[in-house]
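In: Following is a predicted model, sequence given first.
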Amino acid sequence: MKANKFGVLLIALFVLSGCKLKTVVNVNEYYAPVSHIEVYSFNQQLPENIIRIGSIEVGEAGFTKTEDCSYEACLSAIKNESKKSGADLVHIVHIKEPTSWSTCYHITAELYKYADNQ
């Protein structure tokens, strides 16, 4: 009986604690937050007048609800965190689509600032 209660408690803990995306931001230097950010796909040419200020990874944080880790949700999280860092431009460098092991997207991007906006 105690083992069943422990199992139910453990499952409830996982479900309640892992309902959001995992976001890892690495920024060399933070700038003033911005209200607009440009997003470039991995196959788009980047402008020449930019400097790299960091990177960001967004993906699954354990038992994440499927609607919380769609491509759109991941991209929204990337935009929001990038704006806070002061980045002007986000360059998507890797997209891992959901698999049978994970129903979540995992997106890696680099953050850039226009050289004349420092």
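Out: Structure received. Numbering: from 1, shown residues only.

In: residues near Tyr31, how many?
Out: Tyr31 is flanked by 15 other residues according to other CB atoms under 10 Å. Bear in mind the C-beta positions are built from the backbone N, C-alpha and C, glycine included.

In: Would you enumerate the residues in contact with Ile92?
Out: Ile92 makes contact with 39-42, 107-109, according to CB atoms under 8 Å, 6 or more residues apart in numbering.

In: separation between it and Ser100?
Out: Separation of Ile92 from Ser100 (CB to CB, to the nearest Å) stands at 24 Å.

In: got it, and Asn80?
Out: 29 Å.

In: So for those two, which sits in the more crowded spot?
Out: Between Asn80 and Ser100, Asn80 has the larger neighbour count (other CB under 10 Å), namely 11 against 5.

In: So that one: helix, strand or coil?
Out: helix (DSSP: H, G, I helix; E, B strand; the rest coil).

In: Model confidence score at it, please.
Out: Note on Asn80: pLDDT of 95.

In: One more: Ile51?
Out: 96.
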